[in-house]
Each structure stands twice: as C-alpha cells, then as structure tokens.
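Undergrad: quick one: sequence plus predicted model below, questions after.
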Amino acid sequence: MKKSLFMDVYGEPISPKRIHQKIQQSSFLQMWVEDLSTYAQSVLHTQMPELDYDSFNAYFINGDRDPYQQLYFERRKRLTTFSILSYLYPDHLEYRTHLHSTIWAICGEWTWCLPAHLRQDSAFEKSDDHLEAHQQIDLFAAETAFSLAEILTMFEESLPSLIKQRIHYETRRRVLKPFQEVEQSWVQATHNWSAVCAGSIGACAIYLVESKEELQRILDKCIKSVSYFVAGLTNEGVCQEGYHYWQYGFGYFIYFADLLKKHTEGKVNLLILPKIKETAHFQEKVFMGRNTVANFSDAIEKASPLLGLSHYLHTQFEHVHLPETNECATWDSDPCFRFAPALRHFIWYDETKEGRAWPTHTSHFSEAQWYLSTFDYQNQVVGIALKGGHNNEPHNHNDLGHFMIYVNGVSMLSDIGAGHYSKASFNADRYQMLSNGSHGHSVPLIGGCVQQQGIDAFARVISFKDRGKQSEYQLNLTHAYTTPSLQTFTRKWKVDKELGCVRLTDSFMLASPESITERFVSLVESVHVELGKMILSHGDSSLYLMYDREFTPIVKKEHIIDHFGVGKEITLIDFSFENIVGEFSFTCQFKL
C-alpha cells in the first residue's frame with residue numbers, strides 16, 4: 001500500500017483507528033456512518049442492480065437518461081458504502097463480501113460510460129480516432145478507475161488476489177491504455193471534463209502504474225489536460241459553469257493535485273498555479289445564505305459544501321472560509337455517490353476546527369461580469385446576484401442581465417438552474433427549454449424575441465460603482481437580442497443596503513414600434529398583487545415589488561421538472577407594453 005499517499009489534511013498517515021477517533025469527536029461523521037450503515041443493512045440481502053438492455057437503450061429511444069443512470073449509480077452507491085464500512089470495520093464479513101461482489105460486478109460492465117456520453121458509431125470497432133465502447137472514457141469511466149485504484153490501495157493486504165488482478169486489468173484496458181493511445185475529445189476542454197477525467201486518470205496511474213516511464217507519460221498528459229480546466233476559470237477564480245461544477249471540477253482537480261504533490265514529494269505542486277487560490281475562495285462568495293447559492297448556468301439553487309474539500313482548502317490557502325459543519329453535504333447529497341469526495345470527508349476533516357456562517361461580502365468579478373453581495377438588513381440576510389457575460393459560456397444559459405434576490409437563504413427572484421438533463425438538454429433544442437432560454441430568466445422579451453445564443457450575444461459594462469452601502473451596476477445588453485428595430489437596451493441596478501432595496505431601470509431605443517415584455521421569474525410560494533405593488537412570499541420571507549400604478553402585471557404559473565426529476569411550479573411575472581417606439585424606460589423597485 002502506498003501509505004505515503006493516504007494522509008490527512010496535514011499530511012499525517014491515516015488508518016482506521018485514526019478515522020474512528022475523528023468519528024468519536026464528530027456528530028456529523030457519526031451521522032454519515034449511521035447513514036452508510038442503514039443503507040448497507042437495507043441492501044445486504046438484495047440482488048445487484050442489473051444494467052439491462054431496455055434501461056440502457058432508453059436514452060437512444062427517447063432521450064431519457066434516468067432508467068440506466070439510476071441503476072448505474074446504485075452500483076456506485078454500494079461501492080462507496082461497502083468500501084468505507086469495510087475499511088472502518090474490517091472484521092465485518094458481510095461488508096467485505098458485498099464489497100468484493102460489487103467490485104466484480106462493476107469490472108464486468110460492458111462500458112463504464114453513461115449512454116449519454118457513448119459514441120455508438122465506434123462501439124464495436126476501434127479505428128484510428130475512435131474507441132470501442134469499453135475503451136471510451138467519459139467522466140464516470142475515469143471516476144470509476146480512480147475509485148477502484150484507491151480502493152485497491154486501501155485494501156491491498158486483504159483483497160483477494162483475483163480481484164486485485166481484475167482491477168489492474170480493467171483499469172488498464174478501459175482507461176490507462178486508451179488514454180495513452182487515442183486523443184480524447186475532452187483533453188483540451190476548458191470546463192469540468194478535463195479536470196474530472198484527467199484528474200481521475202492521473203490519480204489512478206499514481207496508485208497503480210509501476211513503470212516510472214509510463215507513469216511519467218500519463219502524468220505529463222494529465223497535467224497538460226487539467227491546465228485547460230484552469231484556463232477556463234476566470235482570473236478572479238469564477239467557475240462560470242456554476243457552483244456545483246466548481247465543486248465537481250475543482251474538487252477533482254484538487255484530489256489529483258494533492259496526490260501528485262505527495263507522489264513527487266512537493267516537486268510538482270499544481271496548487272501554486274495562478275487562479276487556484278482565487279478559485280478556492282469562490283465557494284464563500286457564491287453562497288447567498290445558508291444552503292442557497294447564486295445558481296447561474298447549470299447550477300442548482302440548493303447546495304451543500306463538501307466537508308473534506310472545504311477543510312483541505314482552508315488548510316492550504318490562507319483566509320479561505322471554513323463553512324459550518326452542519327451545513328455540509330450529507331450522505332445522500334450526491335446522487336452519483338462518488339467515492340473520492342466521500343472518502344475525503346473522513347480523511348481530510350479536521351475535528352479540531354469548527355466553521356462559521358458564511359461571511360457577508362460584496363464581490364464584483366469584472367471578467368465574468370458578476371456582482372454578488374450579501375448583507376444584513378433588519379436581522380435578515382439579503383443576497384443579490386447580477387450577471388452580464390456572454391451567451392456562449394460553459395453550461396450556458398441565455399441570461400444576460402439576469403438577476404436574483406434572496407432573503408434569509410430563500411430566493412424571491414429566482415433562477416430555475418439546471419433543468420432535468422435529457423438528450424434535449426445538450427442539442428439544438430437546449431434553449432427552447434424554460435430553464436435554459438432567456439424566457440425562463442428575469443430579462444425582457446423585445447419584439448417577442450428572446451435572447452440569441454452564441455459569443456456574439458454579450459453584455460458590455462457601462463459602469464460599476466461601489467460606495468459600501470450603495471452599489472450601482474449598469475450594462476449595455478443591446479447585443480443580446482436580434483430584434484431589427486432595437487437600437488439600444490441598457491439595464492441599471494442600484495443596490496441600497498441601508499434601505500434594503502434594489503432599484504431597476506431598463507432603457508430602450510426602438511426605431512419602429514415593438515412590444516416589450518419585462519419578465520421576472522420566482523420560485524416563491526405565493527404572489528399577492530395590490531395597486532402599484534406586489535408581495536412575493538415564501539415561508540417567513542417576503543419581498544415587495546413596487547412599480548408605477550398604471551402598470552398591470554400578468555402573473556402566471558408554469559410547470560417545470562427540476563434537475564432531480566421532481567415537478568414544481570415557477571411563477572412568471574410579466575409587464576407588457578405594446579407599440580413602443582423611440583425612447584422608453586421601465587423602472588421598478590424591490591424592497592424588503
């Protein structure tokens with residue numbers, strides 16, 4: 001066992017005894033172990049989920065990812081559960097037996113890729129630039145290789161010889177060998193794929209590859225690939241894919257960087273690259289209160305920080321905020337039940353440190369054109385998130401000029417976030433979906449037109465002023481639309497923290513008559529309309545929308561399916577104006 005790689009956040013060796021000491025002092029880790037144990041007991045006498053043809057083919061028939069993925073991730077759930085429990089309780093024979101059978105089942109899968117990521121045109125025949133199904137590497141194939149390599153290292157002295165040989169054989173033929181032989185489509189991706197795939201492959205190689213020459217070839221290629229992920233981050237450390245992809249992509253970058261640093265005894269340290277320290281601070285900036293994030297792009301509104309990753313970043317980078325332990329991710333927070341972050345909750349958590357509530361702040365990220373701010377107002381925590389940018393960002397939504405307002409961690413003006421992933425989510429129909437198109441964001445429709453997609457749809461910052469208690473942000477959004485008569489469209493926000501309000505002013509110049517619909521999107525429970533104002537309410541939180549008494553808003557409900565396949569209602573609030581020509585402005589105010 002490469003014990004030099006299996007260490008806690010301070011570089012001290014980890015053992016079952018050491019982890020038990022942490023668990024004894026942490027009610028949070030005790031809850032994790034209880035949840036793992038409860039789940040383990042529920043499946044000890046059930047059959048391994050079968051990855052059957054109909055479930056696999058559902059994606060290719062109707063674009064539905066769920067039937068196969070639910071079975072696939074149930075297997076990974078068992079792998080993570082029985083690995084951790086077998087490590088903690090080595091004398092528990094049933095845990096060990098189920099770990100062995102789960103590893104064997106995963107090693108026998110036709111492909112470790114998800115159907116949505118598989119190239120069928122080469123599934124049965126290898127060519128110069130294509131690989132057979134079992135050789136194709138997607139996010140989850142790479143993660144599986146990393147997981148199995150780390151599990152083999154943990155149990156090197158107790159795993160049966162046949163299972164150890166099978167892990168070596170399958171990781172080599174499915175991942176390590178094809179990675180070296182064929183250029184993967186993601187190696188230069190400036191988003192999470194390069195970090196997760198290359199980071200996982202590099203970690204797997206560190207654990208399993210004995211040849212120094214081969215290991216160096218693989219690591220050189222992995223280091224080059226993860227550098228593209230870093231290039232995709234802004235210089236201010238913003239992950240434009242959204243918080244959950246920061247947690248995913250940056251997380252796997254850190255897992256690999258940590259192992260690489262240990263393997264090279266500090267000679268290769270990716271943590272000192274430009275942007276990494278700034279990116280480590282991204283988490284504390286994007287939370288708008290408790291477990292709610294500013295969920296631009298394909299992020300999800302409700303989120304939980306990863307305990308192990310957060311403690312590691314806090315240790316490695318000065319002044320990185322350590323979140324409250326009880327706000328961190330529980331066992332079932334990850335629907336994919338990934339092994340690497342789950343294990344690191346136990347080995348990277350420092351039981352001598354307790355985190356604090358998210359700090360209030362005001363952050364203007366000029367490169368991403370994001371404004372994020374949280375502040376206290378009359379014993380309430382208020383969050384404001386404003387966005388410019390362009391409409392060709394990774395996991396893009398057409399959302400230039402979109403904004404959200406939060407009260408005590410509840411979004412009053414909302415972002416639908418990542419909708420339910422299907423084949424349509426990543427093809428030509430993507431922006432017909434309410435979650436991705438501008439018609440599902442708090443931006444206007446001009447001449448009945450939504451925002452266009454692509455790099456030519458961009459925002460230009462006119463001005464940004466921050467005076468502490470007051471901020472002003474103004475964008476030119478003309479290029480977001482293709483309406484022929486639109487000459488200019490600017491949007492200005494004035495944030496007043498003393499008065500607890502946001503004043504919005506939209507200004508248009510139209511060469512010929514057009515309709516304008518000012519749209520606001522909310523996930524609140526109720527909307528009450530009065531003369532000149534509207535009250536948005538959700539639980540104990542509320543927000544007033546104040547507007548000219550002559551305006552008549554239209555409030556309508558739309559049914560959506562969220563990222564987890566759960567149906568919910570979203571409220572669309574429209575102020576519609578017809579035959580607008582020349583100069584026109586719309587002003588309203590959001591007040592606590």
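TA: Sure, I can see it.

Undergrad: buried sites along the worst-scoring helix or strand of the chain on mean pLDDT?
TA: Sorting the helices and strands of the chain by mean pLDDT, DSSP states H and E puts strand 554-561 at the bottom, at a mean of 90. Buried positions in strand 554-561, judged by neighbour count with 16 or more other CB atoms under 10 Å: Ile560. Bear in mind the C-beta positions are built from the backbone N, C-alpha and C, glycine included.

Undergrad: and for the closest residue to Asp138 other than its chain neighbours, the neighbour number?
TA: Distances taken as CB to CB, 6 or more residues apart in numbering place His117 nearest to Asp138, at 3.6 Å, with adjacent residues excluded. Using other CB atoms under 10 Å, the number of residues around His117 comes to 18.

Undergrad: contact partners for His117?
TA: Contacts for His117 (CB atoms under 8 Å, 6 or more residues apart in numbering) come out as 136, 138-140.

Undergrad: show me which of the residues you listed is closest to Ile151.
TA: Taking CB to CB as the measure, Ile151 sits nearest to Phe140 out of the contacts of His117, at 15.7 Å.

Undergrad: the closest one touches Trp112, doesn't it?
TA: Yes. Contact criterion CB atoms under 8 Å: Phe140 and Trp112 qualify, at 6.2 Å.

Undergrad: strand partners (parallel or antiparallel) of the least confident helix or strand of the chain?
TA: strand 567-591 (antiparallel) (DSSP bridges).

Undergrad: can you list the buried residues in the partner strand?
TA: 570-573, 575, 580, 586, 588-590.

Undergrad: now the buried members of the contacts of His117.
TA: Looks like the contacts of His117 have 136, 138-140 buried, using 16+ other CB under 10 Å.

Undergrad: right, and out of these, which lies closest to Thr264?
TA: Leu139 (25.5 Å).

Undergrad: mean confidence score for the helix or strand that Ala203 is a member of?
TA: For Ala203, the host element (DSSP states H and E) is helix 192-208. Taken as a whole, helix 192-208 has a mean pLDDT of 98.

Undergrad: how about stretch 368-382?
TA: Mean predicted lDDT for stretch 368-382 stands at 96.

Undergrad: now the terminal residues of that stretch, how far apart.
TA: 22 Å (CA to CA, to the nearest Å).

Undergrad: how far off centre is that stretch?
TA: Distance, stretch centre to chain centre, for stretch 368-382: 21 Å (CA atoms, centre = their mean, to the nearest Å).

Undergrad: ok so, going back, which one among the contacts of His117 gets closest to Lys261?
TA: Distances from Lys261 to the contacts of His117, taken by CB to CB, are shortest for Leu139, at 23.2 Å.

Undergrad: show me what contacts the closest one?
TA: Leu139 touches 117, 192-193, 196-197, counting by CB under 8 Å, 6+ apart.

Undergrad: what does Tyr72 give?
TA: Counted by CB under 8 Å, 6+ apart, Tyr72 has contacts 51, 114, 140.

Undergrad: from Ile103, how far off is the first one?
TA: In other words, Leu51. Leu51 is 15 Å from Ile103, where distance means CB to CB, to the nearest Å.

Undergrad: for the last one, same thing?
TA: Plainly put, Phe140 is 16 Å away from Ile103 if you go by CB to CB.

Undergrad: and if you look at Ile14?
TA: 21 Å.

Undergrad: so the two - more neighbours on which side?
TA: Ile103 (26 against 20).

Undergrad: OK, contacts around the residue nearest to the more buried one when sequence neighbours are not counted?
TA: In space, and not counting its chain neighbours, Ile103 is closest to Ile163: 5.7 Å by CB to CB, 6+ apart. By CB under 8 Å, 6+ apart, the contact set of Ile163 is 100, 103-104.

Undergrad: which one of those sits closest to Gly242?
TA: For the contacts of Ile163, the nearest to Gly242 is Ile103 (32.9 Å; CB to CB).

Undergrad: doesn't the closest one fall inside a helix?
TA: Yes. The assignment for Ile103 is a helix, going by DSSP: H, G, I helix; E, B strand; the rest coil.

Undergrad: which residues does the nearest residue to Cys113 once chain neighbours are set aside contact?
TA: Spatial nearest neighbour of Cys113, excluding adjacent residues (CB to CB, 6+ apart): Asp138 at 4.3 Å. Residues in contact with Asp138 (CB under 8 Å, 6+ apart) are 112-114, 117-118, 197.

Undergrad: for Arg356, same thing?
TA: 321-324.

Undergrad: looking at these, which is nearest Ile561?
TA: Pro323 (29.7 Å).

Undergrad: tell me how far that closest one lies from Ala205.
TA: For Pro323 relative to Ala205 (CB to CB), the value is 32 Å.

Undergrad: those two: who's more crowded?
TA: Ala205 (29 against 22).

Undergrad: was I right about that one contacting Lys212?
TA: No. With contacts defined as CB under 8 Å, Ala205 does not count as touching Lys212, sitting 11.3 Å away.

Undergrad: now, which of the buried ones among the contacts of His117 sits nearest Gly440?
TA: Leu139 (26.2 Å).

Undergrad: look up how far His538 lies from the nearest residue to Tyr406 once chain neighbours are set aside.
TA: Among residues not flanking Tyr406 along the chain, Gly383 sits closest, at 3.5 Å (CB to CB, 6+ apart). Going from Gly383 to His538 by CB to CB gives 14 Å.

Undergrad: repeat that for Tyr255.
TA: Tyr255 is 37 Å from His538, by CB to CB.

Undergrad: same question for Gly289.
TA: Applying CB to CB to Gly289 and His538 gives a distance of 13 Å.

Undergrad: I'd say Phe575 and Asp548 touch.
TA: No. Checked against CB under 8 Å, the pair Phe575 and Asp548 is beyond contact range at 9.2 Å.

Undergrad: ramachandran coordinates for Met546?
TA: With angles defined as degrees, to the nearest 10, Met546 sits at phi -100, psi 140.
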